[in-house]
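Participant: Here is my input, please return the structure:
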Amino acid sequence: MNILEISDLNVSYGTSQVVHDVSFSVKEGEIFALCGESGSGKSTILRAIAGLATEWTGAISVLGRARERGLSARFASECQMVFQDPYASLHPRKTIDATLSEPLRIHRVAGNHGDRIEEVLDSVGLDRRFRFRFPHQLSGGQRQRVAIARALMLQPRLLLLDEPTSALDVSVQAEVLNLLKKLRREQGLTYVMVTHSMPVISFLCDRLAVMRHGRVVETADVEQLKADRMTDPYSQELVALSRGRPDQKSEKTQ
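Facilitator: Numbering: from 1, shown residues only. Okay, the predicted model is just below:
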């Protein structure tokens, strides 16, 4: 079953079109990466799926239902987004408890909110004592765990991950990636991840789409990436650069 289907997607900001005729699908339980250089349209696609970019044409379908433009309460229970910068995505004057209870309150979820908060904190590897702390009392890795916990509060099936480790110290990036892998396995989640890191894709993802100038130039299984069997010259260039072989750049683009 495809949990996400995108067909002929075009996205604009005002008069500037940044995504052109993008199509791909993501199977339930899969981790799908959108990669490419900065400005290639990767994050814009996530924003369109999430309802944060509304000037688009084409078709977006989640769990077999057409995606409407803008924010939707029903959609929020199916799909959540984790942003790149954990320092900017958490309200500095709200405790972790307030941050995690907010989606439950907004969506009028019944039951003991405290139990749900502690359950989700445990799932992301944070002790209950973090519940009443403020973001400035947490490390960057801990903040990103809270951001992931917030995304899980409504028990969505699809998470949109916008470079979730790029703002973290190298020493904690692997911890967060391992957490994402664990959560996918335990909760049956599906991820669409934006990243520019080929090693991250090789470690975490099942398939990838390479983007350039707002277009998908190649879609491949991660095994093709690991075996250095990408077919598009730009994809080959990205792989070569990620492996410290800049000499291949000129060879692949001549």
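Participant: Next up, phi/psi of Cys79, please.
Facilitator: phi -140, psi 130 (degrees, to the nearest 10).
Participant: how close does it sit to Arg215?
Facilitator: Taking C-beta to C-beta, to the nearest Å as the measure, Cys79 falls 24 Å from Arg215. (Glycine included, C-beta is placed from N, CA and C.)
Participant: who's more crowded, these two?
Facilitator: The neighbour count for Cys79 versus Arg215, taken as other C-beta atoms under 10 Å, is higher for Cys79 (25 against 14).
Participant: what residues are up against the more buried one?
Facilitator: Ile49, Ala50, Val62, Pro156, Arg157, Leu158, Leu159, Leu160 (C-beta atoms under 8 Å, 6 or more residues apart in numbering).
Participant: Leaving out the residues flanking it, which one is nearest to it?
Facilitator: Leu158 (4.3 Å; C-beta to C-beta, 6 or more residues apart in numbering).
Participant: In contact with that neighbour, which residues?
Facilitator: Ile3, Leu4, Val26, Val62, Leu63, Glu78, Cys79, Gln80, Leu189, Thr190, Tyr191, Val192.
Participant: Redo the residues you listed as JSON lines? Include distance to Gln142, secondary structure and pLDDT.
Facilitator: JSON lines is the format used below for those (distance: C-beta to C-beta, whole Å; DSSP: H, G, I helix; E, B strand; the rest coil; pLDDT from 0 to 100):
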{"residue": "Ile3", "distance to Gln142": "29", "secondary structure": "strand", "pLDDT": "96"}
{"residue": "Leu4", "distance to Gln142": "29", "secondary structure": "strand", "pLDDT": "97"}
{"residue": "Val26", "distance to Gln142": "29", "secondary structure": "strand", "pLDDT": "98"}
{"residue": "Val62", "distance to Gln142": "30", "secondary structure": "strand", "pLDDT": "94"}
{"residue": "Leu63", "distance to Gln142": "31", "secondary structure": "coil", "pLDDT": "93"}
{"residue": "Glu78", "distance to Gln142": "27", "secondary structure": "coil", "pLDDT": "92"}
{"residue": "Cys79", "distance to Gln142": "24", "secondary structure": "strand", "pLDDT": "95"}
{"residue": "Gln80", "distance to Gln142": "19", "secondary structure": "strand", "pLDDT": "95"}
{"residue": "Leu189", "distance to Gln142": "21", "secondary structure": "coil", "pLDDT": "97"}
{"residue": "Thr190", "distance to Gln142": "25", "secondary structure": "strand", "pLDDT": "98"}
{"residue": "Tyr191", "distance to Gln142": "21", "secondary structure": "strand", "pLDDT": "98"}
{"residue": "Val192", "distance to Gln142": "24", "secondary structure": "strand", "pLDDT": "98"}
